[in-house]
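Student: Sequence plus predicted model, see below.
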Amino acid sequence: MIKSVRATALVSFFLATAAVAENDPVVVELFTSQGCSSCPPADRIMHDLAKRDDVIGLALHVDYWDYIGWKDEYADPDHTLRQRAYAREGGRSMIYTPQMVVNGQQDVVGAQSRELDRLINAHLKAAAQASVSATRSGDDVTVSVTPVELPAGETYNVRVIQYSPMRHASIRRGELAGHELDYANVVEDWHMAGQWDGAAPQAFSVTLTSDLPAVVLVQRAGHGPIVAATRVK
């Protein structure tokens, strides 16, 4: 009987852990470039992050390395602007690749997997501030947000991001000339579902532009902390 109770408790624990991981994942944004010779190790980390249920990993390719001879095929100037906004929010004067930003708050230089794991684990243990769920019917996504413990007087951007699970690049020029590289969770499109005051539950809707998978980020306006995130189902 004791063994049976213990087994039941163990199963319940793992189910609860899986539910938390699925419902409150940590967001890791990797700012990377095909023109950056030091980026492949960080790109490989993104491959590992893409397999995790408790992490939403997103690769944001930037364009400021294009001048050295290879135009990153997946770069978007808006990704560079987002990285600059994070730098301003964090009081930093420079941007660089590779850089990982965890839940819109702390940054990791390069491919420091131990430091990244430490930050991810800290966020997984932190109390939830808000919850979000999202369902998809064709190209239409409905997002529902609910406050848990949010400060009053803030505004939050509710964004739906679409990404390619895997993209390949045959790099012919620049620092990585001759390399054949695969990139995981490459961000392709951003959709603003709306702004939320965090005071009460609210629903948003948005129409997607492709059949690519999508995630939702609820982030304090001004590139502040990400307070909730989920995968679109």
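Tutor: Nice, thanks for sending it over.
Student: Please point out which parts of whichever strand in the chain runs longest sit buried.
Tutor: Ordering each strand of the chain by length in residues (DSSP state E) puts strand 180-196 first. Buried residues in strand 180-196, defined by neighbour count with 16 or more other C-beta atoms under 10 Å: 183-188, 191, 193, 196. For every residue, glycine as well, the C-beta is placed using N, CA and C.
Student: what about this protein, any weak spots by pLDDT?
Tutor: 1-22 (pLDDT under 70).
Student: quick one, helices of the chain?
Tutor: Applying DSSP state H to the chain gives helices spanning 2-23, 40-49, 77-89, 113-125.
Student: sorry, back to before: Throw the buried residues of strand 180-196 into CSV and include distance to Q162, thanks.
Tutor: Output for those, formatted as CSV (distance: C-beta to C-beta, whole Å):
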residue, distance to Q162
Y183, 15
A184, 15
N185, 11
V186, 10
V187, 8
E188, 5
H191, 7
A193, 13
W196, 20
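Student: ok, of those residues, which one's closest to G91?
Tutor: V187 (25.1 Å; C-beta to C-beta).
Student: check contacts around Q83.
Tutor: By C-beta atoms under 8 Å, 6 or more residues apart in numbering, the contact list for Q83 reads 31, 60, 62, 95, 99, 101.
Student: Which of those residues fall in strands?
Tutor: Short answer: these in strands (DSSP E) are 31, 60, 99, 101.
Student: could I get these as TSV with neighbour count and distance to L217?
Tutor: What follows is those, written out as TSV (neighbours: other C-beta atoms under 10 Å; distance: C-beta to C-beta, whole Å):
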residue	neighbour count	distance to L217
F31	26	15
L60	26	12
Q99	23	17
V101	25	12
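Student: List just the nearest of the residues you listed to D76.
Tutor: L60 (7.5 Å).
Student: show me what contacts the closest residue to the closest one other than its chain neighbours?
Tutor: Ranked by C-beta to C-beta, 6 or more residues apart in numbering and with sequence neighbours excluded, the top spatial neighbour of L60 is H79, at 4.0 Å. When contacts are counted by C-beta under 8 Å, 6+ apart, H79 touches 31, 60-63, 187.
Student: Distance of H79 relative to V27?
Tutor: 15 Å (C-beta to C-beta, to the nearest Å).
Student: just how off-centre is stretch 218-228 within its chain?
Tutor: Put simply, stretch 218-228 sits 12 Å off its chain's centre (C-alpha atoms, centre = their mean, to the nearest Å).
Student: Name the residues of that stretch that come out as buried.
Tutor: 218-220, 223-228.
Student: Those residues: which two are farthest apart?
Tutor: Most distant of the buried residues of stretch 218-228, by C-beta to C-beta, are H223 and A228, 15.7 Å apart.
Student: spatially speaking, which residue is in the middle of the chain?
Tutor: The centroid of the chain falls nearest to V27 when counting by C-alpha atoms, centre = their mean (3.8 Å).
Student: what are the bridge partners for it, then?
Tutor: V27 forms beta bridges with I56, as assigned by DSSP bridges.
Student: Do I have it right that it meets L217?
Tutor: Yes. The pair V27 and L217 qualifies as a contact (C-beta atoms under 8 Å) at a distance of 6.2 Å.
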